[in-house]
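Asker: no sequence on this one, just coordinates:
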């Protein structure tokens, strides 16, 4: 299991928060009592849910002890955090809103979890999630290409890779479960600055399991080559380096 680094992840906190805000804008829950954030990460976005719904109990769940430790700084009388594997989570009582931001792509076969997530909602409840849809972009293609190289392949055998479907796939998945569904996609053009910006971005997320699986000496060689490939694929401009990032959004309202 990868060890997640909240500090690395939060380097681009502003850019990473934009999809969360866009997702939340389409959730029309008026006065929920219990809101759950699956894959809460370092917790600052989870804590913001208490401002959106001032009478709700907010629960953030994550499978990373490092992220939960960081998130604990945001805990208060209405906001709490727990260590929990998303794939095994079942609430004792139904909840009103489930949010999941950039997490489901790490759960193998996550579409199979959708029925249990909907069943965890009260009637008139809401499920809203966002997943990356950029796995065909150079950042990920180059990562997989280099990981398949004979110098590294044996050390990375069996590694789980993140994956997601598109909006047109998730929509019928949830409509057939009795939900009214709003599904869409957006491509963000993040303008990053500083040295090796795309590597710094992906080393906090998609590339982290790969980098951790490599021994120190091989990791150094891998990083040097990967950084060079990324810098060629994402050239620096006077105004910064543009990272094209497509994201998939789904908001499902449980009817009755």
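Answerer: Looks like it arrived, so ask away. From a predicted model like this one, the values you see are computed outputs, not experimental measurements.
Asker: Please point out which parts of stretch 22-38 sit buried.
Answerer: Neighbour-count burial for stretch 22-38, counted by 16 or more other C-beta atoms under 10 Å, picks out 23, 24, 27, 29, 32, 34, 35, 36, 37, 38. Just so you know, the C-beta spots here come from the backbone N, C-alpha and C atoms, and that holds for glycine as well.
Asker: Phi and psi next, for the second one.
Answerer: Right, the one you point to is residue 24. phi -60, psi -30 (degrees, to the nearest 10).
Asker: Now it: closest residue in space, sequence neighbours ignored.
Answerer: Using C-beta to C-beta, 6 or more residues apart in numbering and skipping the chain neighbours, the partner closest in space to residue 24 is residue 52 (6.6 Å).
Asker: Tell me which two of the buried residues of stretch 22-38 sit farthest apart.
Answerer: 23 and 34 (18.4 Å; C-beta to C-beta).
Asker: Quick one: the helices in the stretch 101-250 of the chain, in order.
Answerer: Under the criterion DSSP state H, counting those that start in this stretch, the stretch 101-250 of the chain contains helices at 114-119, 138-147, 167-175, 197-202, 208-213, 216-233.
Asker: Just name the most buried of the ones you listed.
Answerer: helix 197-202 (a mean of 21; mean count of other C-beta atoms under 10 Å).
Asker: For that one, report the contacting residues that lie outside it.
Answerer: Contact with helix 197-202 is made by 8, 11-12, 139-140, 143, 190, 192, 194, 207, 223, 226-227, 230-231, 233-234, 240-241, 243, as judged by C-beta atoms under 8 Å, 6 or more residues apart in numbering.
Asker: can you rerun that using 10 Å?
Answerer: Contacts with helix 197-202, where a contact means C-beta atoms under 10 Å, 6 or more residues apart in numbering, come from 8-9, 11-12, 15-16, 137-140, 142-143, 190-192, 194, 207-208, 210-211, 223, 226-231, 233-234, 236, 240-243, 245.
Asker: Centre of the chain to that helix, how far?
Answerer: 16 Å (C-alpha atoms, centre = their mean, to the nearest Å).
Asker: tell me the contacts of residue 235?
Answerer: Contacts of residue 235 by C-beta under 10 Å, 6+ apart are 241, 242.
Asker: Quick one, grab the pLDDT at it.
Answerer: Note on residue 235: pLDDT of 97.
Asker: got the residue ranges for the strands in the protein?
Answerer: 34-38, 57-62, 79-83, 95-101, 121-132, 179-192, 241-254 (DSSP state E).
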